[in-house]
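S.K.: quick one, what's the 3D model for this:
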Amino acid sequence: MGTSSTSRRAFLRNALGVVVVAGTSPLTILGRVIPEIMTRSGNMLVAVYTIELEDYPDLAEAGGSIRLTSPEQLMLNPDHVNFSFDDVIFPIAITRVAVSGADMFKAVSTYCTHGFGYEIGPYNAEKDEFVCPHNHSTFRADGSHVDKPGTPPVGDLRKFPVIYDAGAGTLTLEQVLQVSGIDEAAELPSRPFLDQNYPNPFNPSTMIRYGLPAAMHVRMSLHTIVGEEMKVVLDEYREAGIHMIDLRADDLPSGMYFYKLQTRQGTLARRLTVAK
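M.R.: Just a heads-up that it's a prediction; the model follows:
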């Protein structure tokens, strides 16, 4: 795997824990914030991360694949933040699948979706696949699951849109979400709120932001459009403040649903769309 340039490494070191300006409001994000650009879509902070291809010679030819594995780069993948173990890492894998074209690079999480804490194996260019070493779940370079006899029915890997800029010689990963919460010093909401999920429509995951004016029990559930409860997303006591939930829909068919937030101060609901 290639290594980042000195200037880029310096930037990443200096970027840790800083205040990020999103739109017109500066917000301090808990944890280590690495992406070079943060934009705002509604109330959702969305990270964008750019790498220089000259730093990664393995991506010079079709079939090449790298993993972003420095401590800073690992924080780009929400799966690593949420599910990492002491002896296992879940970087983002970037693979070149074609010699040319707008869609020649793919980026996916290496966290296997069968959910037992396994990182998928190295990319096999001849077969165009990643394979989990635990139960042989198989995925294409774009993260789509390959149904094979003797393997469990699991969802696709988390995917990150990639933009290739031939003139600049860069790859930009979009929809890299780095929000684990808002600074505790930020003003508390005056009442519970529930934001629209982002991205929407989505597949396989989306982020939901909600806020509480005081510590209380919270229940969030996902329902069909006719009201049938499909899953309980959250059912626990939470502290006052702004909270984020990473909702996955690997087990849900395409369609429109609504998610409902219930607290002692009432019920809030919004619609979302799964698009597979």
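
S.K.: ok, now how distant is Pro201 from Ala249?
M.R.: 10 Å (CB to CB, to the nearest Å). For glycine as for every other residue, the C-beta is placed from the backbone atoms N, C-alpha and C.

S.K.: cool, and Asp235?
M.R.: From Asp235 to Ala249 the distance is 18 Å (CB to CB).

S.K.: and if you look at Arg270?
M.R.: 15 Å.

S.K.: of the two, which one has the most company?
M.R.: The residue with more neighbours, out of Arg270 and Ala249, is Ala249; 23 against 16, by other CB atoms under 10 Å.

S.K.: quick one: pLDDT of that one?
M.R.: What the model reports for Ala249 is a pLDDT of 86.

S.K.: does it touch Asn200 like I think?
M.R.: No - contact criterion CB atoms under 8 Å: Ala249 and Asn200 do not qualify, at 11.2 Å.

S.K.: now the common contact residues for those two.
M.R.: When contacts are counted by CB atoms under 8 Å, 6 or more residues apart in numbering, Ala249 and Asn200 are jointly contacted by Thr206.

S.K.: how many other residues sit next to Pro119?
M.R.: No Pro there; residue 119 is Glu. 22.

S.K.: now Glu239
M.R.: 11.

S.K.: ok, it to His217 distance?
M.R.: Where His217 is concerned, Glu239 sits at a distance of 11 Å (CB to CB).

S.K.: cool, Leu194 as well?
M.R.: 15 Å.

S.K.: hang on, Leu252 is in a helix, isn't it?
M.R.: No - read with DSSP: H, G, I helix; E, B strand; the rest coil, Leu252 is coil and lies in no helix.

S.K.: please enumerate the helices of this protein.
M.R.: 6-15, 71-74, 78-83 (DSSP state H).

S.K.: and the closest residue to Ala249 other than its chain neighbours, what does it touch?
M.R.: Distances taken as CB to CB, 6 or more residues apart in numbering place Val274 nearest to Ala249, at 4.7 Å, with adjacent residues excluded. Counting by CB under 8 Å, 6+ apart, Val274 touches 201-203, 249, 252-255, 257.
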